[in-house]
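**Q** based on what follows, work out the 3D shape:
(chains A and B)
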Amino acid sequence: MSDTTRPPFVPAHSLPVPGSSQKHILAIDDELPILELLQEFLRAQGYRVSTANNAHVAMRIVESEAPDLIISDLQLEETDGLHLIEQLRVVLPKTPVILLTGVLFDAQVVDQNLKWKISSYVSKTAPLQSLVDEIRRHIGR
Amino acid sequence: MSTEPTTPSPAVAGDPTLRRVLAFFALILAVLVVVVVVSLVNLNRSVAASEWVNHTHALITELDALQPTLEAAEGELSRYLLTAELRDHGAYKDKFAELGEHVDVANALIGGSAAEKELFQPIAALLAKRAEVATRVMQLRKAGDAVALEQFLKEDAGTTDHGELARLIEKFRATQTDLLTARDRALFLQAQTTRWTVLTGLVLDFLLLCGAAWLIRDDLAARRLANRVLQESNAALEEKVRQRTAELSDANGRLLAQSLEDRWSKQAMEHQSRYNQLIIDSISDTVFVVTKLMNVSRLNPAAVHLTGFEPAEVIDKPLGRLLSVNGTTDPAKPTFDPLARALAEGRDLRDKGAYVVTKSGQSLPVRLNIYPLRDRDKVVGGVVILQPANPVST
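**A** Alright, predicted model coming up:
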C-alpha cells in the first residue's frame, strides 16, 4: 500500500546546493524506493544527500560538487557498481566509499578482495542505523 | 422623571477595590460638604452676633451719656438762673435737647425688645420728670416769684432722682454687659466649633485619603503579585510545553527512525527475495525449492514449463504430487522417503531417477538431484533440480 501522506519522491538528479556546512553524501542505486529511503533517513541524520540512479548522473554530481562520502549499490542497470566505484576513485581517490548491496557477501571475502576499492561494506539487510554508524566512522556527523 | 433603577457600570461592579475607593472619595466629599455647611452657618451666626454686639455697645454708649448730659443740662440751667444771660439759656436748652436725642436713640436701639423696654421705661420716665422740673423752674423764673422758686429748688434738692437714675442706668448697663459677656462666650464657642469642625474635617479627610491610598497601594501590590504569579505560572507552563515538545519531538524522531527502519527492512527483504528468485529463474534446469516437509516454496520458469502448473497451483503443496520416485506419485507411500530422508539427514542425493507428473497427467522421466539448504547447522529446506533423462530403470 502506498503512503499518500509523503510527497512523491524525485531522485536528486538536480545538482546539490554548494556552500552548505552539512556533510555531502552521494547515494547511488538503481532502485528509486531505496534511494528515497536513504535520502529521507540521511537527511534526518543531518546530512546533505544527493542521489543518482545511474552512473552518468553520479559522475555529473561528483564533477559538480565532490561529496564527502559515496554510498553505492553493487548492481546498477547499465554497469557494475564496483566498476563505477573504480571510475569515481579516479576523480576522488580519498573519498570514502560504502558498498551497500543485497548481494550476500562474506565479510572476510570483502575485506580480502574489495578493500582496495571500497572503504566499507554494509548489507541491505542490516538496519539503517548500522549504515549511519559506518558513515559517522568515516566522516563524522 | 425616570423611574429606572441606576445600575453601576460593569467595571465598577466587577472591581471591589474600585468600589471601595469610590466609597472613600464619596465620604471625603461628604465630610467636605459638612465642613463647608457648618462653617458657613457659624460664619452667619458670627456676623449676626457681631452686629448685635455693635448694637449693644451703641446702647451702652447712649446709656452712659444720659446722666452726664442731664447733669450738664441742669448745670447750664443753674448757671442761667444765676447769670440770666441769654447765652446760658441757649446752652441749657441745647443740653436738654441733646438729652432728648440720647433718649430717642436709646429707644430706637431698644426697638421691640420687651425686656429692655421694661428696663428703660423707668429711666425715660425719670428723665422726663427732670425735664418737667426744669420747665417748672423756668416758669417760676419767668414769673419773678423768687420765694416760690427758692422753695421749689429746696424741695427738688431733697429728691433722690439722680441717685435713682444712676442706679437704674447701672442696672440696665449691667444687664447689657452680662449679655455682651454671654454673646462673647457664645462667639468664642462658635469660633471654637468652626475651628474644630474644620480641623476634624481635615483630619477625617486626611485619614480617608490615607485609607484610599492604602487601598490603592494594597490593590496595586495584589495586582503586581498576581501578575508575577501569572508570569511565573506562564513561564512554568512554557517550560513544561518546551519539555513536552522536546519529548514529543524525540518520540517523533524515534518513530520516524523506526518507520524508516521498518520500510528499509521491508525493502531489503523484497530486494533479497527478488534477487533470490532471479538466481533460481536464471537456471535453465527445472528447480524446486522445498521446505523440510517437502512442500514447494519456490519454482523457476523451467519447472512451470515442464509441469504445466502455474506457481500458485503448486506452491505450499507437497512436491510428491508432481514427482514420482520409484514409480509412484503418492507422497504417503514410503517410496518417496529417499528425498525426505536425505533432507532430514542433511545430505545430497544426486542423479536419482524419477518421473514428473505434468498437469495433463503425463509422466516424464527425469534425473533428480536434491541439495539441503542449511542455515548455519540447521537444515531448513532443500533445492530439487531435475534434468531430462531416459525412462527410469529400477
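**Q** now do the same contact list for residue 55.
**A** Because you didn't say which chain, this covers chain A. A:28, A:76, A:78-79, A:84, A:87 (CB atoms under 8 Å, 6 or more residues apart in numbering or on different chains). (Glycine included, C-beta is placed from N, CA and C.)
**Q** wait, I meant chain B there
**A** B:Leu109.
**Q** find the helix or strand that it is a member of.
**A** Here B:His55, judged by DSSP states H and E, is contained in helix B:16-83.
**Q** can you give me how far that helix is from the chain middle?
**A** Chain-centre distance of helix B:16-83: 53 Å, with CA atoms, centre = their mean, to the nearest Å.
**Q** got it, and stretch B:359-370?
**A** Its chain's C-alpha centre and that of stretch B:359-370 lie 99 Å apart, by CA atoms, centre = their mean.
**Q** got the end-to-end distance for stretch B:368-387?
**A** Using CA to CA, to the nearest Å, the end-to-end distance of stretch B:368-387 comes out at 7 Å.
**Q** er, stretch B:338-356 actually
**A** With CA to CA, one end of stretch B:338-356 sits 16 Å from the other.
**Q** is the residue nearest to B:Thr291 when sequence neighbours are not counted in a bridge, and if so with what?
**A** Residue nearest to B:Thr291 in three dimensions, not counting chain neighbours: B:Gly381, with 4.9 Å by CB to CB, 6 or more residues apart in numbering or on different chains. Counting by DSSP bridges, B:Gly381 is bridged to B:Thr291, B:Leu373.
**Q** can you give me the neighbour number for B:Gly381?
**A** Neighbour count for B:Gly381, taken as other CB atoms under 10 Å in any protein chain shown: 19.
**Q** buried residues in the helix or strand harbouring A:His56?
**A** Per DSSP H and E, A:His56 falls inside helix A:55-64. By 16 or more other CB atoms under 10 Å in any protein chain shown, the buried positions in helix A:55-64 come out as A:55, A:57-58, A:61-62.
**Q** what's the PyMOL line that selects buried ones from the contacts of A:Ala55?
**A** In PyMOL syntax, the buried subset of the contacts of A:Ala55 is picked out as below (16+ other CB under 10 Å):
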select buried, chain A and resi 28+76+84
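**Q** so which of the contacts of A:Ala55 are in helices?
**A** Among these, DSSP state H puts A:84, A:87 in helices.
**Q** got the end-to-end distance for stretch B:353-373?
**A** Stretch B:353-373: ends 21 Å apart by CA to CA.
**Q** mind listing residues that contact that stretch?
**A** B:286, B:289, B:306-309, B:313, B:321-325, B:327, B:329, B:339, B:342-343, B:346-352, B:379-394.
**Q** how about a cut-off of 6 Å?
**A** The contact list for stretch B:353-373 (CB atoms under 6 Å, 6 or more residues apart in numbering or on different chains) reads B:306-309, B:322-325, B:329, B:339, B:342-343, B:346, B:348-352, B:379-387, B:389-392.
**Q** measure B:Ser273 to A:Thr101 for me?
**A** To A:Thr101, B:Ser273 is 15 Å away according to CB to CB, to the nearest Å.
**Q** and B:Ala124, by the same measure?
**A** The separation that B:Ala124 has from A:Thr101, given CB to CB, amounts to 152 Å.
**Q** what parts of chain A come near chain B?
**A** Contact residues (CB under 6 Å from any CB of the partner chain) of chain A with chain B: A:33, A:37, A:41, A:102, A:124-125, A:127-128.
**Q** for chain A, which residues score under the pLDDT cut-off?
**A** The model of chain A has pLDDT under 70 over residues A:1-20, A:104-105.
**Q** let me fix that: the stretch 201-350 of chain B
**A** Counting by pLDDT under 70, the ranges of the stretch 201-350 of chain B that qualify are B:326-336.
**Q** quick one, strands of it?
**A** Applying DSSP state E, counting those that start in this stretch to the stretch 201-350 of chain B gives strands spanning B:286-291, B:296-299, B:323-325, B:349-357.
**Q** quick one: closest of the ones you listed to B:Thr177.
**A** Among the strands of the stretch 201-350 of chain B, strand B:296-299 comes nearest to B:Thr177, with 146.2 Å by CB to CB.
**Q** same for the longest helix seen in chain B, what does it pack against?
**A** If you go by DSSP H, chain B has its longest helix at helix B:161-281. In this structure, helix B:161-281 packs against helix A:32-44, helix B:16-83, helix B:114-143, with contacts taken as 3 or more CB pairs under 6 Å, 6 or more residues apart in numbering or on different chains; DSSP states H and E.
**Q** need those in JSON lines (columns: distance to B:Leu299).
**A** Listed next are the helices and strands packed on helix B:161-281 as JSON lines, based on distance: least, CB to CB, whole Å:
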{"stretch": "helix A:32-44", "distance to B:Leu299": "27"}
{"stretch": "helix B:16-83", "distance to B:Leu299": "90"}
{"stretch": "helix B:114-143", "distance to B:Leu299": "152"}
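**Q** quick one, which of those is nearest to B:Asn234?
**A** Of all those, helix B:16-83 sits nearest to B:Asn234, with 23.7 Å by CB to CB.
**Q** between the closest one and helix B:114-143, how many degrees?
**A** Interaxial angle, helix B:16-83 versus helix B:114-143 (axes from the mean of the first three to the mean of the last three CA atoms, to 10 degrees): 10 degrees.
**Q** re the thing from before, and which of the contacts of A:Ala55 is nearest B:Arg136?
**A** Top of the list for closeness to B:Arg136, among the contacts of A:Ala55 and by CB to CB, is A:Ile28 at 165.1 Å.
**Q** identify the residues contacting stretch A:32-45?
**A** With contact meaning CB under 6 Å, 6+ apart, stretch A:32-45 is reached by A:9, A:11, A:25, A:27, A:29, A:49, A:51, A:128, A:132, B:260, B:263-264, B:267.
**Q** next, the buried residues of stretch B:290-307.
**A** Across stretch B:290-307, burial judged by 16+ other CB under 10 Å covers B:290-291, B:294-296, B:298-300, B:302-304, B:306-307.
**Q** picking that back up, most tightly surrounded among the strands of the stretch 201-350 of chain B?
**A** Using mean count of other CB atoms under 10 Å in any protein chain shown, the stretch among these with the greatest mean number of neighbours is strand B:323-325 (a mean of 23).
**Q** centre of the chain versus that strand, how much separation?
**A** Counting by CA atoms, centre = their mean, strand B:323-325 is centred 99 Å from the centre of its parent chain.
**Q** what about A:Ser130, neighbour count?
**A** By the criterion of other CB under 10 Å, A:Ser130 has 12 neighbours.
**Q** how about the strands in chain A?
**A** Assigned by DSSP state E, chain A shows strands spanning A:24-28, A:48-52, A:69-72, A:97-101, A:120-123.
**Q** B:Leu364 falls within a strand, correct?
**A** Yes. Counting by DSSP: H, G, I helix; E, B strand; the rest coil, B:Leu364 is located in a strand.
**Q** ok, it to chain A distance?
**A** Relative to chain A, B:Leu364 is positioned 34 Å away (CB to the nearest CB, to the nearest Å).
**Q** okay, now B:Ser284: neighbour count?
**A** What B:Ser284 shows, counting by other CB under 10 Å, is a neighbour count of 9.
**Q** phi first, then psi, for it.
**A** Main-chain torsions, B:Ser284, degrees, to the nearest 10: phi -80, psi -20.
**Q** so what's it closest to, chain neighbours aside?
**A** B:Ala302 (6.0 Å).
**Q** now swap in B:Val383 and tell me
**A** Leaving aside its chain neighbours, B:Val383 sits nearest to B:Tyr371 (4.8 Å; criterion: CB to CB, 6+ apart).
**Q** so that neighbour sits in a strand?
**A** Yes. Under three-state DSSP, B:Tyr371 sits within a strand.
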